[in-house]
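Novice: My questions are about this predicted structure, shown below with the sequence.
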Amino acid sequence: MVKRIVAKMTGLWLLMALAFPACAGELSVEPDRKQLYEGEVLTVTVKGTMELDINLSNLFEFDLSQLPAPDIEKVEPDFEILARNQQYSIRTVNSQMIGEITWTYQLAPTRTGELTIPALTFRDATSEPVTVEVVSGSGPDQGPEVRDSFVELSADKAEVYVQEQLTLTVRLFFTGNLIRGELSEPEHPHAIIESLGKQQEYTRYRDGVRYRVVERRYAVFPQKTGELNLPPIQFEGQARTQEGKLRFLRDSEEFFTVPVKPVPAEFTGDTWLPASDLSLEESGLPPTLEVDMGENLTRRLTLKTTDLPSEALPPLPEGTPPGIRAYPDQPQRSTQVTSEGLVSTLEQTIALVPVQAGEMTLPEVRLAWWDTDTDSQQVAVIPARTLSVTDTGGAAVPPSPEPPADGSTTTGTASEPETGRSPEATGSVWPWVSLALAVAWAATVAGWWWSGRNGRGPRKQPATHGGDGNERALFDQLIIAARKGSAETPHFLIRWMQHRHPDQLFHTAGDVVKFLEDEALATELDRLQADLFAGKGSPESGVADRQALVRALEQVRRRKARTTREDGLRPLYPDNLSA
């Protein structure tokens, strides 16, 4: 604490001493070098000395705003003043107090050639003019001085087509330990510029000097023809030398003009795709191209390019013959960033369902693109595929998605029985079968109701978990169908719930959801129906994806069976009509 107080008092005494008249002294100007390269920073040290006259009468009559300083502004406009600093000291010579002030300035030359730091004045002292040489370039023939820092720019091409990738490399070379640094980013109003990963740092020798290097890479996509002129890349920072001195670093480099060519007249494609590589692949169809009618197929078309962003890739054609139903998904786009540029992928998935027997031909997929390596048009092709569709007699068209449980129209929530007859032959029979089932069900309900009213013995309660064996068999069928993601799942759900709750009438899976009021089950059934509609349901993929549905069903079975009345019978009439 005592040392700190003494230091503060000494500094205060020095400031007060410098604020009052003194005898004339000396003023010197010393640059850290006489030759530097364009863009580098010059460190100039200015020292002034004077004899101090301090007494008790003027001890407390000082003003900090009146502290002396040389007229450094004279160096403008040949130099830009970046920073300034000052230090004070007092020494005694032959019983006379001598004050010494040291100012340190960081000056950035504004032009090349011989520049002069003019004579500076401080009180009654005047310095001598100093001349320094600012040279352009960085070659060894420019002079013996070592550059503190400089920026280098390079590109992989001298000219590009519009929307073609230009890889720009920015390298910053510097000596010493960098304390602070700001390196500007390339930008242009008519170009898309993407950073290619993180910056790299390494060491490199240049003209026998060891430099630390910061390297950044960018992908530049010009959006207009003509000439591409990027603003200069600028660097400003501070580094500490091996001697412990703080040195300002500054440099800028301008990128060369790049001609941007228009789309060549010989290009015949619908979408301009300039890339160094492009591939088009197909998967999902059986190797033999033999399928059954009603079988779910998932065809994947994958477009992969080098040197293009995924947003530039067009959707692929989706043509299918009339005998095949197609359910396309939204294209999935992804872009991978590498040090050489962008690698983009577009994957298009289409669910195909053959609904007619015979030979069905999927048309070829053609995509024209421009090979920037060979400077020529190329065409990626997936050849036509002819599917041999067989009518096995038991295949059915996949059902449409389950509608909401609000009584709206629905079709085909359960598959038709395997009768071996065509839909046209069975369409006239099912209305009569439905009518007969409805009459039988009404008679059954009437019998149960009459039995309950006459007290002909207690009615059996609905089976719960671990009870009736028939209920267990129905539930096992439901679980197997759910695990496979089968279209039969809603059908087995209705059968199991009808057995578990015989006092209810369930026509659709929506009726079951409305009765149970189970959000988890409703969500998973909607997801199953959506996948079936899109052709994603299959025994191979359903096991891993349907665990949530299985858990929801098991949770429902663990719950106690609900009834609408204590006697377990559903009322035949609403309350407002039974009074």
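Specialist: That came through, no problem.
Novice: So, low pLDDT: which residues of the stretch 1-150 of the chain?
Specialist: By pLDDT under 70, the weakly predicted segments of the stretch 1-150 of the chain are 1-25, 50-68, 90-97, 137-146.
Novice: same thing with the stretch 401-550 of the chain?
Specialist: For the stretch 401-550 of the chain, applying pLDDT under 70 flags the ranges 401-469, 533-545.
Novice: Can I get stretch 323-342 in PDB, CA atoms only?
Specialist: Only the C-alpha atoms of stretch 323-342 are listed here, as PDB (Å, rounded to 0.1, in the frame of the first residue of the first chain):
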ATOM      1  CA  GLY A 323     -50.800 -47.600 -64.300                       C
ATOM      2  CA  ILE A 324     -48.600 -46.400 -61.500                       C
ATOM      3  CA  ARG A 325     -49.600 -44.000 -58.700                       C
ATOM      4  CA  ALA A 326     -46.800 -41.700 -57.500                       C
ATOM      5  CA  TYR A 327     -46.500 -40.000 -54.100                       C
ATOM      6  CA  PRO A 328     -43.400 -37.700 -54.200                       C
ATOM      7  CA  ASP A 329     -41.900 -36.200 -51.100                       C
ATOM      8  CA  GLN A 330     -40.300 -32.800 -50.800                       C
ATOM      9  CA  PRO A 331     -36.700 -32.800 -52.200                       C
ATOM     10  CA  GLN A 332     -34.100 -32.900 -49.400                       C
ATOM     11  CA  ARG A 333     -31.100 -30.600 -50.000                       C
ATOM     12  CA  SER A 334     -27.800 -30.600 -48.200                       C
ATOM     13  CA  THR A 335     -24.400 -28.800 -48.700                       C
ATOM     14  CA  GLN A 336     -21.100 -30.000 -47.500                       C
ATOM     15  CA  VAL A 337     -18.300 -27.400 -47.100                       C
ATOM     16  CA  THR A 338     -14.800 -28.500 -48.000                       C
ATOM     17  CA  SER A 339     -11.500 -26.600 -48.400                       C
ATOM     18  CA  GLU A 340     -11.900 -26.900 -52.200                       C
ATOM     19  CA  GLY A 341     -15.400 -25.700 -52.400                       C
ATOM     20  CA  LEU A 342     -19.100 -26.800 -52.000                       C
END
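Novice: Go through it and flag the buried ones.
Specialist: 323-324, 326-328, 331, 333, 335, 341-342 (16 or more other C-beta atoms under 10 Å). Where C-beta positions appear, they are placed from N, C-alpha and C, glycine not excepted.
Novice: Let's see which of those residues end up in helices.
Specialist: Judged by DSSP state H, the subset of the buried residues of stretch 323-342 located in helices is empty.
Novice: Let's see which of those residues end up in strands.
Specialist: Using DSSP state E, the members of the buried residues of stretch 323-342 that fall in strands are 324, 326-328, 333, 335, 342.
Novice: TSV please, covering those residues and showing pLDDT and distance to Glu152.
Specialist: Shown next, in TSV, are those (pLDDT from 0 to 100; distance: C-beta to C-beta, whole Å):
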residue	pLDDT	distance to Glu152
Ile324	90	58
Ala326	88	54
Tyr327	86	54
Pro328	88	49
Arg333	93	35
Thr335	93	28
Leu342	93	23
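Novice: Out of the residues you listed, which two sit at the greatest distance?
Specialist: Ile324 and Leu342 (35.2 Å; C-beta to C-beta).
Novice: Now Phe492: which helix or strand?
Specialist: Following DSSP states H and E, one finds Phe492 within helix 489-500.
Novice: dump the residue contacts of Glu282.
Specialist: 299-302, 365, 382, 385 (C-beta atoms under 8 Å, 6 or more residues apart in numbering).
Novice: if we go to 6 Å?
Specialist: Applying C-beta atoms under 6 Å, 6 or more residues apart in numbering to Glu282 gives the contacts 301, 382.
Novice: can you count the residues close to Gly244?
Specialist: Residues lying near Gly244 (other C-beta atoms under 10 Å) number 7.
Novice: again with the one 10 residues further on
Specialist: Applying other C-beta under 10 Å, we find 13 other residues in the vicinity of Glu254.
Novice: Quick check: the gap between the residue nearest to it when sequence neighbours are not counted and Ser154.
Specialist: In space, and not counting its chain neighbours, Glu254 is closest to Pro232: 4.3 Å by C-beta to C-beta, 6 or more residues apart in numbering. Counting by C-beta to C-beta, to the nearest Å, the separation of Pro232 from Ser154 is 15 Å.
Novice: Repeat that for Asp251.
Specialist: Counting by C-beta to C-beta, the gap from Asp251 to Ser154 is 16 Å.
Novice: Same check on Thr45?
Specialist: From Thr45 over to Ser154 (counting by C-beta to C-beta), the distance is 37 Å.
Novice: In the one helix or strand Ala522 maps to, which residues are buried?
Specialist: In the assignment (DSSP H and E), Ala522 maps to helix 519-534. By neighbour count on 16+ other C-beta under 10 Å, the buried set for helix 519-534 is 521-522, 524-529, 531-534.
Novice: Can you tell me which of those residues lies closest to Leu172?
Specialist: Set against Leu172, the nearest of the buried residues of helix 519-534 by C-beta to C-beta is Ala534 (51.8 Å).
Novice: Let's verify Leu230: helix, strand, or coil?
Specialist: coil (DSSP: H, G, I helix; E, B strand; the rest coil).
Novice: can I see the domain layout of the chain?
Specialist: 2-141, 146-261, 274-390, 423-427+460-578 (automatic domain parsing).
Novice: Looking at these, which is nearest to Thr268?
Specialist: domain 274-390 (5.7 Å).
Novice: Quick check: neighbours of the host helix or strand of Glu227 in the sheet, parallel or antiparallel?
Specialist: Assessed by DSSP H and E, Glu227 sits inside strand 226-228. In the sheet, strand 226-228 lines up against strand 258-261 (antiparallel) (DSSP bridges).
Novice: same question for the strand it pairs with, mean pLDDT?
Specialist: Strand 258-261 shows an average pLDDT of 95 in the prediction.
Novice: State the next helix or strand along the chain beyond that strand.
Specialist: Once strand 258-261 ends, the next helix or strand along the chain (criterion: DSSP H and E) is strand 274-275.
Novice: and that next one, how far from the chain's centre?
Specialist: Remark: strand 274-275 is offset 22 Å from the chain centroid, using C-alpha atoms, centre = their mean, to the nearest Å.
Novice: do stretch 283-302 as well
Specialist: On C-alpha atoms, centre = their mean, the centre of stretch 283-302 falls 33 Å from that of its chain.
Novice: now do stretch 254-261
Specialist: How far stretch 254-261 lies from its chain's middle: 29 Å, per C-alpha atoms, centre = their mean.
Novice: Use 55 as the first number from now on
Specialist: That works, and once the first residue is 55, the last one we named lands at stretch 308-315.
Novice: quick one: buried residues of it?
Specialist: Result for stretch 308-315 [16+ other C-beta under 10 Å]: buried residues 309, 312, 314.
Novice: And for the first one, nearest residue in space, chain neighbours not counted?
Specialist: Which is Phe309. Leu284 (4.4 Å).
Novice: Give the burial count for that neighbour, as a bare number.
Specialist: By other C-beta under 10 Å, 21 other residues sit near Leu284.
Novice: what mean pLDDT does stretch 225-236 have?
Specialist: Mean predicted confidence for stretch 225-236 is 88.
Novice: Keeping just the C-alphas, turn it into PDB.
Specialist: The C-alpha trace of stretch 225-236 is given here as PDB (Å, rounded to 0.1, in the frame of the first residue of the first chain):
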ATOM      1  CA  ARG A 225      -3.300 -15.200 -46.600                       C
ATOM      2  CA  LEU A 226      -2.100 -12.800 -43.900                       C
ATOM      3  CA  PHE A 227       1.700 -12.900 -43.200                       C
ATOM      4  CA  PHE A 228       3.000 -11.300 -40.000                       C
ATOM      5  CA  THR A 229       6.000 -11.400 -37.700                       C
ATOM      6  CA  GLY A 230       6.000 -11.200 -33.900                       C
ATOM      7  CA  ASN A 231       3.300 -12.200 -31.500                       C
ATOM      8  CA  LEU A 232      -0.100 -10.900 -32.700                       C
ATOM      9  CA  ILE A 233      -2.000  -9.300 -29.900                       C
ATOM     10  CA  ARG A 234      -4.900  -7.900 -31.900                       C
ATOM     11  CA  GLY A 235      -5.800  -8.100 -35.500                       C
ATOM     12  CA  GLU A 236      -8.800  -7.400 -37.800                       C
END
